[in-house]
Each structure stands twice: as structure tokens, then as C-alpha cells.
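Chemist: Fold the following.
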Amino acid sequence: MMLSKKNKVVFIPVGELRPNPMQSRNNFDEDSLSALTESIRQYGVLQPICIAPKGKVPSIVNGQMIPAKKYCIIAGERRWRAAISAGLKEIPCIVNDCTQGDLSCIAFTENVFREDLTFFDIATALNDMLLMTGLSQTDLAKKFSISQPSIANKLRLLRLTPDEREKILKAGLTERHARALIRIDDRKKRAKLLDKFIEFEMSASDAERAVNMILAPPATVKKAEKKQPAKKHGKMTDLGLFMNSIDNAIRIVGDFGVHVEREQRDCGDSIEIVLRVPKLEAKNTV
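Modeler: Presented below is the predicted three-dimensional model:
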């Protein structure tokens, strides 16, 4: 990869530029963009943006590749958008002669650690890079100094539908919630379970336990608390959360047709909880 004109900064009309099709970020924070626009209006663009030459990165129209008629932005789309909002006619640029695969990697590196990039955005960017570069997951992992299983886990997130992804993000659920949900293949059951995650405000750990019980409900499960000092408020609060987690999981799997019988006995220095699931029903829920 080489910089043209020995890294010389050139001024390009803003209308001659177009966004990077491999851009990881799908949304730009309006407040942040407004602040940047005001800064550019007062002081100009202090850092040049990086662009690819015309015709270097093609566009896709109706499934057909056509030569790009504009310079493609490699890094600096926020500055470009803010410059347009600020009324600038030109913007300082450095033309970078790169391949389409390089373009994807540079854009990913530029954006992956920004706070407004979601885990679904990162998964999409990784998938795009695999398609554009032809690299294996192992090679891509080496390129970014991350583990191959980490990449594989990210890519699995794309099994969720766009509607499911939007709902997860809107509810403020985590990547662990999403990975737990992926394990349910049936979309109707998955949608129902996602609603339960949100309704009961389940933690990621509770969500994982609920999925485990749906996929492989135990015939008998016993949980015993270790001996604790009597009547300490903090410990009793933790115990209450533990009980609520079990009750929530039982309600959720019950909605999926898994009948769980719960027994609880006070054994003095411990509490014994027994969960019973008929074997026939357990087989039918797998």
C-alpha cells in the first residue's frame, strides 16, 4: 500500500467524495457531529481525511460492479459530513492507493474502538473483510492480533435477524445475551425468549441459564447454600436474587412447555431446592 504524491495534502471538492461501502459504523451521533461541525466552522478541518483514487474501489448497482466515479473515503467520514454541514466546499485529503481488501481493513481499524460502534457493527465489518479479502478467520485474527474463537463468536451474532438485533440494542442487552439467544434455532421460540429477557430484565447469566434449561432441562437439580452467618442483610439480599433467578427461569421454560416442579426445604444451615422435570417432556423440548 503506497501513498500517492509522497503524502502530499490535496484539497478535493466535498461533492467529489463518497462514503466507504465497507464502513463499520452505521450511525453517527448527532450531538457529536454537531460539535465537530461547529469546530470545523471556526477552525477548519485540522486533520486531512484519507481517500482512495477514483475508480479504485467499485460500487455495486443491481448486483453489478461498476467503476467508482468519485473518490472513496477510507478514514474520516465524520469530518467529511461535518465539513458539508459547516458549508465547506473543499476538504484536505491524502490519496491512498489501496486495494478493496485494504480499504475494508483500514476502515475497521479506524472505527472499531469508537464508543458508538455496536457489537453487531463489528460482526458485520469482520464478515465484510472475510468476503472482500478472502482471508480465513485464522489469518484475519492474526492480522488484528485477536483470537480466532473471538472472531467466530462475533460472526455468529449475524445469525440473528435485523429486527432481533435492533430489539437487543434498544433494550440495552449485551453481547452475552445475544450469544445465548443464538443457541435457539426456532425463530418463534427465539422471539418469545427475547421478550422474556426484556420483560424480566434478566442478567446475561440468567439468560444463559434459561437457555440451558430450555435446551437440556434437568430431571433433578439440587442447589444448597453454604452455611452463612445468621441474618446478615447483605447475604439475605444475595439469596433473594438467587431465588428470583430460579423462579424467573422456571416461568420462562414453562412458557415453552417445560413443566418444572419446584420444592424448597429449610435444612437449618442451608436451603435445599429440588427441580423436577418429567423425562418425556424434557425430550420433547430439545
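Chemist: so what's Lys227 scoring on pLDDT?
Modeler: On the pLDDT scale, Lys227 is placed at 47.
Chemist: again, but for the one 3 residues further on
Modeler: pLDDT, the model's per-residue confidence, is 45 for Ala230.
Chemist: Next: Pro13.
Modeler: pLDDT, read off for Pro13, is 94.
Chemist: check contacts around it.
Modeler: 89-90 (C-beta atoms under 8 Å, 6 or more residues apart in numbering). Using the backbone N, CA and C atoms, a C-beta is placed for each residue, glycine as well.
Chemist: Return the set of residues that bridge with it.
Modeler: Pro13 has these beta-bridge partners by DSSP bridges: Glu90.
Chemist: now swap in the one 4 residues further on and tell me
Modeler: With DSSP bridges applied, Leu17 shows beta-bridge pairing to Tyr71.
Chemist: Now do the contacts for it.
Modeler: 49, 51, 70-73, 80, 91, 93.
Chemist: Let's see if you can find the most crowded of these.
Modeler: Compared across the contacts of Leu17, Ile51 has the highest neighbour count, 28 neighbours, by other C-beta atoms under 10 Å.
Chemist: from the contacts of Leu17, which has minimum pLDDT?
Modeler: Among the contacts of Leu17, Lys70 has the weakest pLDDT, 79.
Chemist: Ignoring the adjacent residues along the chain, who's closest to that one?
Modeler: Nearest non-adjacent residue to Lys70, counting by C-beta to C-beta, 6 or more residues apart in numbering: Arg18, 4.4 Å away.
Chemist: My guess is that neighbour contacts Glu77. True?
Modeler: No. Arg18 lies out of contact with Glu77 (C-beta atoms under 8 Å); the separation is 9.7 Å.
Chemist: what sits against the residue nearest to Lys70?
Modeler: Contacts of Arg18 by C-beta under 8 Å, 6+ apart are 68, 70-73.
Chemist: In those residues, find the pair that's most separated.
Modeler: The span of the contacts of Arg18, defined through C-beta to C-beta, is set by Ala68 and Ile73 at 11.2 Å.
Chemist: In three-state terms, label Asn244 for me.
Modeler: Using DSSP: H, G, I helix; E, B strand; the rest coil, the structure places Asn244 in helix.
Chemist: For it, report the pLDDT, please.
Modeler: At Asn244, the pLDDT value in this model is 75.
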